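**Q** next comes the sequence, and after it the predicted model I'd like to discuss.
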Amino acid sequence: MNSSEPNAQTRPIRVVVVDDHAIFRSGLKSDLDARLQVVGEAATVEGAIRAVTELRPDVVLLDVHLPGGRGGGGAEVIAGCAGMLGDVRFLALSVSDAAEDVVTVIRSGARGYVTKSVSGAEISDAVVRVAAGDAVFSPRLAGFVLDAFGTQAAISADDELDLLSARELEVMRLIARGYTYKEVAKDLFISVKTVETHVSKVLRKLQLSNRHELTRWAVDRRIL
């Protein structure tokens, strides 16, 4: 993932790490880069809700499966912090790549979902992007979100798609699937700067504000 994508931060992004394995929490904290500041951690549903409520972090790195509460895991944590959604953003981080887990936590309000197989640098980039308002998914998980949220789409996107060039359409689909600018550039054999230019044009033509809105636009129209 490309650490140059998000806007420059004037202060470290405050993060709470929620996972029931102390060794994983410790290792993750040591792997996160200097853009992030871990201000708290928790191992249970109740502990997570308490930590988020008291600390008001920018982003919560949230495991999907947690002990405690009523057995709802990460989704229950988000529900318990519903009044803070928008001010606090949740990024699911799990060993699971099951469609049910992905859809459940995204429906609850998480802004993204990445698996624990990614590197510390990739997690750091994902946190920065979520803090900036983007939706972040490990690329192959985006299809689960499309399947879950695309079933209600009934409108045609033909007129809007006609606004985009063939290259802009290629870039739009990859960005909406969760690819970074660097990954799009590599996939399409173009420069990162060219990707940035295409994304700006796509957002302007579709009258969207950010990547999160672009993902939802594409999902709603089932064009990923």
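**A** Everything's here; your move.
**Q** got the buried residues for the longest helix along the chain?
**A** Identified as the longest helix of the chain according to DSSP state H is helix 192-206. Under the neighbour-count criterion of 16 or more other Cβ atoms under 10 Å, helix 192-206 has Val192, Val195, Glu196, His198, Val199, Lys201, Val202, Leu203, Lys205, Leu206 buried. For the C-beta atoms, the positions are set from N, CA and C on the backbone; glycine is no exception.
**Q** just the closest of the residues you listed to Arg167, please.
**A** Closest approach between the buried residues of helix 192-206 and Arg167, by Cβ to Cβ: His198, at 6.4 Å.
**Q** residue contacts, the closest one?
**A** Arg167, Glu168, Val171, Met172 (Cβ atoms under 8 Å, 6 or more residues apart in numbering).
**Q** for this structure, where's the lowest mean pLDDT among helices and strands?
**A** helix 142-149 (a mean of 60; mean pLDDT, DSSP states H and E).
**Q** in the helix or strand hosting Arg129, which residues are buried?
**A** Using DSSP states H and E, Arg129 sits in helix 120-131. Buried residues in helix 120-131, counted by 16+ other Cβ under 10 Å: Glu122, Ile123, Ser124, Asp125, Ala126, Val127, Val128, Arg129, Val130, Ala131.
**Q** for stretch 205-213, same thing?
**A** For stretch 205-213, a neighbour-count test (16+ other Cβ under 10 Å) marks Lys205, Leu206, Leu208, Arg211, His212, Glu213 as buried.
**Q** nearest to Glu41 among these?
**A** Looking across these and measuring by Cβ to Cβ, the closest to Glu41 is His212, at 26.2 Å.
**Q** closest to Ala218 among the buried residues of helix 120-131?
**A** Arg129 (16.9 Å).
**Q** mind checking how far the closest one is from Arg107?
**A** 20 Å (Cβ to Cβ, to the nearest Å).
**Q** how about Thr215?
**A** Distance, Thr215 to Arg107, by Cβ to Cβ: 15 Å.
**Q** more crowded one of those two?
**A** Just comparing Thr215 and Arg107: by other Cβ atoms under 10 Å the higher neighbour count belongs to Thr215, 26 against 13.
**Q** Three-state assignment for that one, please.
**A** Look at Thr215: counting by DSSP: H, G, I helix; E, B strand; the rest coil, its state is helix.
**Q** how about the helices in this structure?
**A** For the chain, the helices defined by DSSP H occupy 22-31, 45-55, 73-80, 99-108, 120-131, 142-149, 158-161, 166-176, 181-188, 192-206, 211-220.
**Q** can I get the ones you listed in TSV with distance to Val88?
**A** TSV is the format used below for the helices of the chain (distance: least, Cβ to Cβ, whole Å):
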stretch	distance to Val88
helix 22-31	18
helix 45-55	6
helix 73-80	9
helix 99-108	13
helix 120-131	10
helix 142-149	21
helix 158-161	32
helix 166-176	24
helix 181-188	26
helix 192-206	25
helix 211-220	15
